[in-house]
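# this one's sequence-less:
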């Protein structure tokens, strides 16, 4: 099962990339924070400091992934073609 679905590309989410070193993703509703963290680290080769999530009414989960010091969210965003 793939936990991460797609990155969120709203104006606010793009601003958070450079301001807070934060990537916003839409994930599977049943995914746990540890599953999200493991998959994100495996796919992008970065360390994750914290994961915060919000359950959405559309049976998805909005996930805020903060990268650890030494890793830049702008690098991940450029791989995703967000920036």
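Arrived safely. Note that the structure is a prediction, hence the values are computed from the model and not measured.
# Residue 70 in helix, strand or coil?
Following DSSP: H, G, I helix; E, B strand; the rest coil, we place residue 70 in the coil state.
# for it, what are its contacts?
residue 47 (C-beta atoms under 8 Å, 6 or more residues apart in numbering). C-betas here are computed from N, CA, C, even on glycine.
# For residue 34, see how far away it is.
21 Å (C-beta to C-beta, to the nearest Å).
# Next: residue 76.
From residue 76 to residue 34 the distance is 19 Å (C-beta to C-beta).
# quick one, which of those two is more surrounded?
More neighbours surround residue 76 than the other of residue 76 and residue 34, with 22 against 9 (other C-beta atoms under 10 Å).
# May I see the buried residues of the one helix or strand the more buried one maps to?
Using DSSP states H and E, residue 76 maps to helix 73-79. Neighbour-count burial for helix 73-79, with 16 or more other C-beta atoms under 10 Å as criterion, is recorded at 73, 76, 77.
# Check stretch 44-54 too.
Using 16+ other C-beta under 10 Å as the test for burial, stretch 44-54 gives 44, 46, 48, 51, 53.
# Just give me how far it sits from the chain centre.
6 Å (C-alpha atoms, centre = their mean, to the nearest Å).
# quick one: contacts of it?
27, 33, 36-37, 40-41, 61-71, 75-76, 79.
# ok, now with 10 Å
4, 21-25, 27, 29, 31-41, 60-73, 75-76, 79-80 (C-beta atoms under 10 Å, 6 or more residues apart in numbering).
# which of these are buried?
4, 21-25, 27, 31, 33, 35-37, 39-41, 60-65, 67, 71, 73, 76.
# Filter those residues down to just the ones in strands.
Of these, the ones assigned to strands by DSSP state E are 4, 22-25, 27, 60-65, 67.
# JSON lines for these, including distance to residue 12?
Formatted as JSON lines, those follow (distance: C-beta to C-beta, whole Å):
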{"residue": "4", "distance to residue 12": "19"}
{"residue": "22", "distance to residue 12": "10"}
{"residue": "23", "distance to residue 12": "13"}
{"residue": "24", "distance to residue 12": "8"}
{"residue": "25", "distance to residue 12": "14"}
{"residue": "27", "distance to residue 12": "18"}
{"residue": "60", "distance to residue 12": "17"}
{"residue": "61", "distance to residue 12": "17"}
{"residue": "62", "distance to residue 12": "11"}
{"residue": "63", "distance to residue 12": "15"}
{"residue": "64", "distance to residue 12": "11"}
{"residue": "65", "distance to residue 12": "15"}
{"residue": "67", "distance to residue 12": "18"}
